[in-house]
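Asker: show me how the following folds:
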Amino acid sequence: MFRKNCGQCHKPSFSSCESGEWLCPTCGYDLTDEKAMKDENKQKHRRQMVLYVSLTKSMR
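Answerer: Alright, predicted model coming up:
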């Protein structure tokens, strides 16, 4: 799991891929050129990602 911090809204963003297009899920800021950091709290963030995806789908 990789993490980038948004320079605009200052929220963390997580991905399983280190490279490729990367937009902040909170504000939409382009994080593609920001350095990705390896995140050590994989299990915690995986649960947060599942919750986020579940909430996003339920809002449609």
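Asker: alpha carbons only for contacts and neighbour counts from here, please
Answerer: Will do.
Asker: wait, doesn't residue 29 sit right on residue 5?
Answerer: No: applying C-alpha atoms under 8 Å, one finds residue 29 not in contact with residue 5, separated by 10.5 Å.
Asker: so between the two, which is more surrounded?
Answerer: Each of residue 29 and residue 5 had its neighbours counted (other C-alpha atoms under 10 Å), and the higher figure belongs to residue 5 (17 against 14).
Asker: got a list of contacts for the worst-scoring helix or strand of the chain on mean pLDDT?
Answerer: Within the chain, no helix or strand scores below helix 42-58, which has a mean of 70 by mean pLDDT, DSSP states H and E. Around helix 42-58, the neighbours that count as contacts under C-alpha atoms under 8 Å, 6 or more residues apart in numbering are 1, 14.
Asker: using PDB, write out every CA atom in that helix.
Answerer: Listed next in PDB are the C-alpha coordinates belonging to helix 42-58 (Å, rounded to 0.1, in the frame of the first residue of the first chain):
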ATOM      1  CA  LYS A  42      -1.600  -1.700   5.500                       C
ATOM      2  CA  GLN A  43      -4.400  -3.500   7.500                       C
ATOM      3  CA  LYS A  44      -5.800  -0.300   9.000                       C
ATOM      4  CA  HIS A  45      -5.800   1.500   5.700                       C
ATOM      5  CA  ARG A  46      -7.300  -1.500   3.800                       C
ATOM      6  CA  ARG A  47     -10.300  -1.300   6.100                       C
ATOM      7  CA  GLN A  48     -10.600   2.400   5.500                       C
ATOM      8  CA  MET A  49     -10.500   1.900   1.700                       C
ATOM      9  CA  VAL A  50     -13.200  -0.800   1.900                       C
ATOM     10  CA  LEU A  51     -15.400   1.600   4.000                       C
ATOM     11  CA  TYR A  52     -14.700   4.500   1.500                       C
ATOM     12  CA  VAL A  53     -15.600   2.300  -1.500                       C
ATOM     13  CA  SER A  54     -18.700   1.100   0.300                       C
ATOM     14  CA  LEU A  55     -19.900   4.600   1.200                       C
ATOM     15  CA  THR A  56     -19.100   5.900  -2.300                       C
ATOM     16  CA  LYS A  57     -21.200   3.100  -4.000                       C
ATOM     17  CA  SER A  58     -24.100   3.600  -1.600                       C
END
